[in-house]
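>>> Give the three-dimensional model of this entry:
(2 chains)
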Amino acid sequence: METEVQQNQAQQETDPTPESAVKHLLSFALMIGLTLVAFAAVMLEVVPAGMVIPFILVLAVIQVFLQLFTFMHLDLKNNRMTVTFVMMGLIIGAICAVALFVLG
Amino acid sequence: MATLVILIVFALFLTAIWTGGYDKQLLNRFRSHWLWDWITTVDHKKIGILYLIGGAFFFIIGGIEALLIRIQLLVPNNDFMVGDTFNELLSMHGTTMIFFVAMPLLFALMNVAVPLQIGARDVAFPFLNSLGFWLFLAGGILMNLSWIFGNAPDAGWTNYVPIASNEFSPGTGIDYYVLGLQISGIGTTMGGINFLVTIINMRAPGMSLLRMPMFTWTSFVASSLILFGFPPLTAGLFLVMFERLFGANFFDVAMGGNPVIWQHLFWIFGHPEVYIVILPAFGVMSDVISNFSKKRLFGYTSMVFATILIGFLGFMVWAHHMFTVGMGPVANSIFAVATMAIAVPTGIKVFNWLFTMWGGKIRFTTAMLWAVGFIPTFVMGGVTGVMLASPPADYQYHDSYFVVAHFHYVLIGGTVFGIFAGLYYWWPKMFGHKLGETLGKWHFGLFFIGFHLTFFIQHFIGLYGMPRRHFTYQPEDGLTTLNQISTVGAFFMAAGTIVWLINIIKSARSAIPAGNDPWDGRTLEWAISSPAPEYNFAQLPQVRSLDAFWFEKMEGNKKMIPAEPLGPIHMPSSTHWPFIMTIGFFISGLGFVFRSLEVGVLGLILVFLTMFIRSFEQDHGYHIELDEIEKTEKGANA
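Sure, this is the predicted structure:
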């Protein structure tokens, strides 16, 4: 009934905003690495005890930016909707975090 | 038990290998079966029907649980279902009705209507759509298996710790809750993201954001609430899971934990959740009321604004569920004021519906009856909501039947009425024939009367002091008659539901073709044949106004103006991977419930394996050729 047609490969190559798989894989590896470092910081006790939490927080901030720019596409042009949603998420997250800190 | 599960997993692996190409004949026999077609479908209309079947199934289960609860409360000191069994019933009733009835039934309507309303050929991620459905089903089945294995969740649908901790809920009951919700939550999140991307990216030419039908708008806002609301639940469920399975101490005060954290996380999710289930119902009502009043929706832009505002404020009010926790008067006041503020956009909506009907040419079809019945019912629920939002008063109402009455008024009077209105409205577009109007009116009448009989009286039961979630009361409490009235009402609702089921079977038996546009519709879905063809629109329509199809009708056009020439249509191919991936999740969930880490990990391995295969699978879909489209279109118009 249906004739199976392989979609034209050329269409993907002429994509207006090419995204390199290398960039994605690289930041993915970097994120896994950062997570492993965070675990190591707690489990191996190489970081002084008082510094563990600030150290992990710094790693977290780096990771957040990596996430936002490689996977949430904040670096792309023409991205009003993306920015709106990321900002909404940040606002709601911030409100909840502050409330939990104050009330919890 | 664990050995048994391992054996089942082993058998499943064997069948997978079997069907994986080693036995071509068996594989072909599977493939030609109609069930295979449904299991592997990525067509949003079929997935919508699957959601409908799943949701209706759990609706019946949840309804039976409700009836058992009401039978127990029929007479004082009844011993029909007492103690733990009653706790299990009420917990499962609440959880089932919210997560496995309201959500999937709304997803059913969204799947059926949203792509058609925006003039799209499918959703943005058909694979995720299918995966979302199967994960919901797996989660629901996993949780209901707890009945069969004799240990259901019994800590209420809110699952507060420490009641839900190992100490006070030994056994596996809560684990079913945690893992079932976790699995179905993944599916729901996927569904939400899918609809966001679909609505942002796949609108037909000319369909600007402010030309979208109201149902699409509310689905859009509800989807973003899913996106922001479900992660806190996921986090909270992980905390409970780690506490119960691996001995973590997030909630143990003696170890520096804090039990209130769960309440916060749950309600940061839970309050947006109630808007997730009410907003699409608002959208259905807007479309139905505008359609059957033969008028443009009054104050469309203010409706959109109100929807977004409700969605935003929905995240600022969660602590009003926790007034009696002891957060202090300042926090209570802030959340009280924020809660009362939500009454404003909701009020805008109610007035807009009334003004839409005012001066309209109203037709009281069954769908319209549900919509008209919804308005006063929902307003009553809203009024008690504002009453509950006042902390000093809430100290009196808290955990009494008054609260039960309030949220049933908004959830049944809002969501369930909305779902029924939507089902009667879109049934012809789903199946090609209408649901019977006569039986439909009986359905509405019985259900509507039964609903008010059951829950109106519960306001007073609550005010007279009966606490919720209690399995009995004393003869001298003076609550006997009131409770009996409530129970009778519950049976009326059950009768209404049975009429609905009869109606479905009867309409399907006679299957009188309804035609493309049975309601003289206004939006795009009525411009195509019923049931919609696989590819929805042979040519994407050019949208020139809000209520696009109505605009063309008024211009004297019988059809939408096409925005593109007729050509081959690219379709996604069916895939069985979502189903297999779900089996992996299900096995994993079952494994963790039975505290068998081996099985749990085994299931997750299957999940990652299917993810890996899926990632490297080269499948670009197929094209429906021109002659076939022409044949379908001719057949539909004949």
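>>> give me the low-pLDDT residue ranges for the stretch 351-500 of chain B?
Counting by pLDDT under 70, the stretch 351-500 of chain B shows no low-confidence range.
>>> Likewise for chain A?
A:1-19, A:75-78, A:104.
>>> and with 80 instead?
Low-confidence segments of chain A, defined by pLDDT under 80: A:1-21, A:71-79, A:104.
>>> just the strands in it please.
With DSSP state E as the definition, chain A shows no strands.
>>> Once you drop chain neighbours, what's closest to the most centrally placed residue in it?
For chain A, the residue nearest the mean C-alpha position is residue A:67 (1.4 Å; CA atoms, centre = their mean). Nearest residue to residue A:67 in three dimensions, chain neighbours excluded: residue A:31, at 7.2 Å (CB to CB, 6 or more residues apart in numbering or on different chains). To be clear about C-beta, it is placed using only N, CA and C from the backbone, and glycine gets the same treatment.
>>> The one helix or strand residue B:265 maps to packs against which elements?
Secondary-structure assignment from DSSP states H and E places residue B:265 in helix B:260-292. With contacts taken as 3 or more CB pairs under 8 Å, 6 or more residues apart in numbering or on different chains; DSSP states H and E, helix B:260-292 sits against helix A:80-103, helix B:103-117, helix B:214-246, helix B:300-313, helix B:329-357, helix B:366-388, helix B:401-410, helix B:417-431.
>>> where's residue B:571 relative to chain A, distance?
For residue B:571, the distance to chain A equals 8 Å [CB to the nearest CB, to the nearest Å].
>>> Look up which residues are beta-bridged to that residue.
residue B:622 (DSSP bridges).
>>> Pretty sure the residue nearest to residue A:67 sits against residue A:63.
Yes: in terms of CB atoms under 8 Å, residue A:31 counts as a neighbour of residue A:63; the distance is 5.7 Å.
>>> burial count for the closest residue in space to residue A:23 that isn't next to it in sequence?
Distances taken as CB to CB, 6+ apart place residue A:70 nearest to residue A:23, at 6.4 Å, with adjacent residues excluded. Neighbourhood size, residue A:70 [other CB atoms under 10 Å in any protein chain shown]: 18.
>>> For residue A:70, give me its contacts.
A:23, A:24, A:27 (CB atoms under 8 Å, 6 or more residues apart in numbering or on different chains).
>>> How is chain A divided into domains?
Domain assignment for chain A, taken from automatic domain parsing, gives A:19-71, A:77-104.
>>> Next, work out how far apart the residue nearest to the centre of chain A and residue A:60 are.
Separation of residue A:67 from residue A:60 (CB to CB, to the nearest Å) stands at 10 Å.
>>> Ok, residue B:378 next?
Counting by CB to CB - residue B:378 and residue A:60 are separated by 43 Å.
>>> So which of those two has more stuff around it?
The neighbour count for residue B:378 versus residue A:60, taken as other CB under 10 Å, is higher for residue B:378 (27 against 13).
>>> Contacts only, for the more buried one.
When contacts are counted by CB under 8 Å, 6+ apart, residue B:378 touches B:350, B:409, B:410, B:413, B:414, B:417.
>>> Could you do residue B:519 as well?
Per CB under 8 Å, 6+ apart, neighbours of residue B:519: B:291, B:292, B:365, B:367, B:425, B:428, B:526.
>>> Check which helix or strand it maps to.
Using DSSP H and E, residue B:519 falls within no helix or strand.
>>> Residue B:385 contacts residue B:414, doesn't it?
No: assessed by CB under 8 Å, residue B:385 is found out of contact with residue B:414, at 10.7 Å.
>>> the more surrounded of these two?
Of the pair residue B:385 and residue B:414, residue B:414 is the one with more neighbours under other CB under 10 Å, namely 25 against 21.
>>> So residue B:341 versus residue A:58, what's the distance?
Residue B:341 is 38 Å from residue A:58, where distance means CB to CB.
>>> Check the gap between the nearest residue to residue B:535 once chain neighbours are set aside and residue B:625 for me.
In space, and not counting its chain neighbours, residue B:535 is closest to residue B:569: 4.5 Å by CB to CB, 6+ apart. The gap separating residue B:569 from residue B:625 is 9 Å, by CB to CB.
>>> Who has more neighbours out of the two?
Taking other CB under 10 Å, residue B:569 and residue B:625 do not tie; residue B:569 has more neighbours (21 against 16).
>>> My understanding was that that one contacts residue B:121; is that so?
Yes: using CB under 8 Å, residue B:569 makes contact with residue B:121 at a distance of 6.7 Å.
>>> Mind listing the shared neighbours of the two?
Counting by CB under 8 Å, 6+ apart, the common neighbours of residue B:569 and residue B:121 are residue B:535.
>>> so how many other residues sit close to the nearest residue to residue B:201 once chain neighbours are set aside?
Distances taken as CB to CB, 6+ apart put residue B:124 closest to residue B:201, at 6.0 Å, once the chain neighbours are dropped. The number of residues packed near residue B:124 is 18, by other CB under 10 Å.
>>> Residue B:124 against residue B:191, yeah?
No: counting by CB under 8 Å, residue B:124 does not reach residue B:191; the two are 11.5 Å apart.
>>> got the residues of chain B near chain A?
Within chain B, the positions near chain A by CB under 8 Å from any CB of the partner chain are B:196, B:200, B:224, B:227-228, B:232, B:258, B:260-261, B:264, B:268, B:312, B:315-316, B:319, B:327, B:331, B:568, B:570-571, B:573, B:620-625, B:628.
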